[in-house]
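J.: structure, please.
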Amino acid sequence: MKNLLRSIGPAIIVAAVVLGPGSILTSSKVGATFGIAGVPVIAVAALLMIGMVALAARLGAVYDGSPCDELASRLGRPVAVLIGAILFGLVALFQSSNNLAVIAGIEPIFAIEGNALKIGILVVTNLFVIACLYGFRNLYKSVEKLMKLLIGLMVVAFLVNFVFAWLRPRGYEVVPPSEKPDLIPLLGMIGTTFSVGGAFYQAYLVKEKGWGLSDVRRGVIDSVVSITVLGVVTAIILLTSMRVFFGRPEPVELASVGDVALQLEPLFGSGAKVIFCVGIFAGAFSSFLVNAMIGGTVMSDSLNLGSRLSQRGPLHLTTLALLVGMGVAIASVLFGKESTVTLITIAQALTVLGLPALAAALIYLGTRPELKGDRQVPRWIITLAIIGFFAACYVSSRLAMTVYGKLNPPQETATVLVLEPTEPV
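T.: Residues are numbered from 1 along each chain as shown. Sure thing, here's the model as predicted:
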């Protein structure tokens, strides 16, 4: 057990950033909409995530350079910059939803009113995180300890709600949904569980940890245990939502992550709402910090400005990612009347569009002919990664069609067909 705990480190940070507000919200919506059918989807997504994280961990241990440096030396610096730009863009999109989720996590408890107070909370939170980035002497070690604590809080909070949900009777007869369910939450849940962006960052975390070729077994254990925890907690949230919301005669509209907690209050009392909000806030804050670090570090590395958290390049670009996310969130608070659920769900789901490029980069580095002997990546890891790549392509195409259909609904028009008498029909 002691060796097992020592082997858990980098991937728990990945799990913490993946298990954020988007994952909490989308899994809740999937449970309310699809019921038990969402559990196999989580299992498959978690298995593919294990393969991708294990591949990235292996690359971080066996290569001397960082992933973007290795890509630049083989394919040219523009390819590395493209990868960095993709990931940085996705991070900025995530970060705006993480900002909104911080408010949504505490709003049901403290009844926050007024845009000025919301903006003040966002500014203070971002400034606090930026101060931590520049203030910690050993940033990696501090982040690892913090993420383990936040993951523990999430496990306890959501497990308590899960037990409450299954001990109490439903109070209504399950009515199967009559309409075809919306695929956006399901695709968003796949994207938040099978996060290639998070997996890509695993290679950098392994180097921060100081693991080398002799630690590749630790990397596998770390990947399997940490991502399994991610999958189990996501399944617990889904099953709790299924028990409370699925098949109600009158469907519940989950307008925000806070609404999920508010809907629990009539059934379980205010205690359940507070406990669930603790889990939401822990997920939001863990994603808040690490998500920005992912974009800042990889973008800095792609520009050859450094890849370690002790260097100024990653810190400056991480700060930029935080400020961009805060700016988008503030603009949303001031001018947007969209519900929180729409912002977070769409933001999480659209990140699936960037997965194929990141997955292809990892597979490319993992299949180089110079990786022989102890440095060679095991076949099972490459196989899972390749399956994950095709799964990412499929989900991306389906997501694009679904989102396009929502943005461009078919118009009802009257069509007049004129046929000339001399032409055959």
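J.: what's the average pLDDT for the one helix or strand residue 222 maps to?
T.: Using DSSP states H and E, residue 222 maps to helix 216-245. When pLDDT is averaged over helix 216-245, the result is 88.
J.: in it, what's buried?
T.: Using 16 or more other C-beta atoms under 10 Å as the test for burial, helix 216-245 gives 216, 218-231, 233-245. C-betas here are computed from N, CA, C, even on glycine.
J.: what do you get for stretch 368-385?
T.: Neighbour count says stretch 368-385 has 371, 376-377, 381-382, 384-385 buried, by 16+ other C-beta under 10 Å.
J.: so which elements touch the helix holding residue 222?
T.: helix 2-7, helix 10-18, helix 21-34, helix 38-62, helix 139-167, helix 184-193, helix 257-268 (3 or more C-beta pairs under 8 Å, 6 or more residues apart in numbering; DSSP states H and E).
J.: with distance to residue 308 added, can I get the ones you listed in a markdown table?
T.: Formatted as a markdown table, those follow (distance: least, C-beta to C-beta, whole Å):
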| stretch | distance to residue 308 |
| --- | --- |
| helix 2-7 | 22 |
| helix 10-18 | 14 |
| helix 21-34 | 28 |
| helix 38-62 | 12 |
| helix 139-167 | 9 |
| helix 184-193 | 27 |
| helix 257-268 | 34 |
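J.: before we move on, back to that, a markdown table please, covering the buried residues of stretch 368-385 and showing pLDDT.
T.: Listed next are these as a markdown table, based on pLDDT from 0 to 100:
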| residue | pLDDT |
| --- | --- |
| 371 | 90 |
| 376 | 91 |
| 377 | 91 |
| 381 | 93 |
| 382 | 94 |
| 384 | 93 |
| 385 | 93 |
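J.: list just the nearest of these to residue 180.
T.: Residue 180 lies nearest to residue 384 out of these, by C-beta to C-beta, at 31.2 Å.
J.: surely that closest one meets residue 46?
T.: No. The pair residue 384 and residue 46 fails to qualify as a contact (C-beta atoms under 8 Å) at a distance of 11.1 Å.
J.: re the thing from before, how far off centre is the helix holding residue 222?
T.: With C-alpha atoms, centre = their mean, to the nearest Å as the basis, helix 216-245 stands 13 Å off its chain's centre.
J.: follow-up on the earlier one: biggest separation within the buried residues of stretch 368-385, which pair?
T.: Taking C-beta to C-beta as the measure, these span a maximum distance of 16.8 Å, between 371 and 384.
J.: to residue 390, which of the helices and strands packed on helix 216-245 lies closest?
T.: Ranking those by their distance to residue 390 (criterion: C-beta to C-beta) puts helix 38-62 first, at 10.0 Å.
J.: show me what the very next helix or strand once past the closest one is packed against.
T.: Using DSSP H and E, the helix or strand that follows helix 38-62 in sequence is helix 67-75. In terms of contacts (3+ C-beta pairs under 8 Å, 6+ apart), helix 67-75 is packed against helix 38-62, helix 77-110, helix 196-209, helix 270-302, helix 355-366.
J.: next up, the contacts around the nearest residue to residue 226 once chain neighbours are set aside.
T.: Nearest residue to residue 226 in three dimensions, chain neighbours excluded: residue 11, at 3.6 Å (C-beta to C-beta, 6 or more residues apart in numbering). The contact partners of residue 11, taken as C-beta atoms under 8 Å, 6 or more residues apart in numbering, are 53, 57, 202, 205, 222-223, 225-227.
J.: can I get those residues in JSON lines including distance to residue 26?
T.: Below are these laid out as JSON lines (distance: C-beta to C-beta, whole Å):
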{"residue": "53", "distance to residue 26": "20"}
{"residue": "57", "distance to residue 26": "26"}
{"residue": "202", "distance to residue 26": "22"}
{"residue": "205", "distance to residue 26": "25"}
{"residue": "222", "distance to residue 26": "25"}
{"residue": "223", "distance to residue 26": "23"}
{"residue": "225", "distance to residue 26": "23"}
{"residue": "226", "distance to residue 26": "20"}
{"residue": "227", "distance to residue 26": "17"}
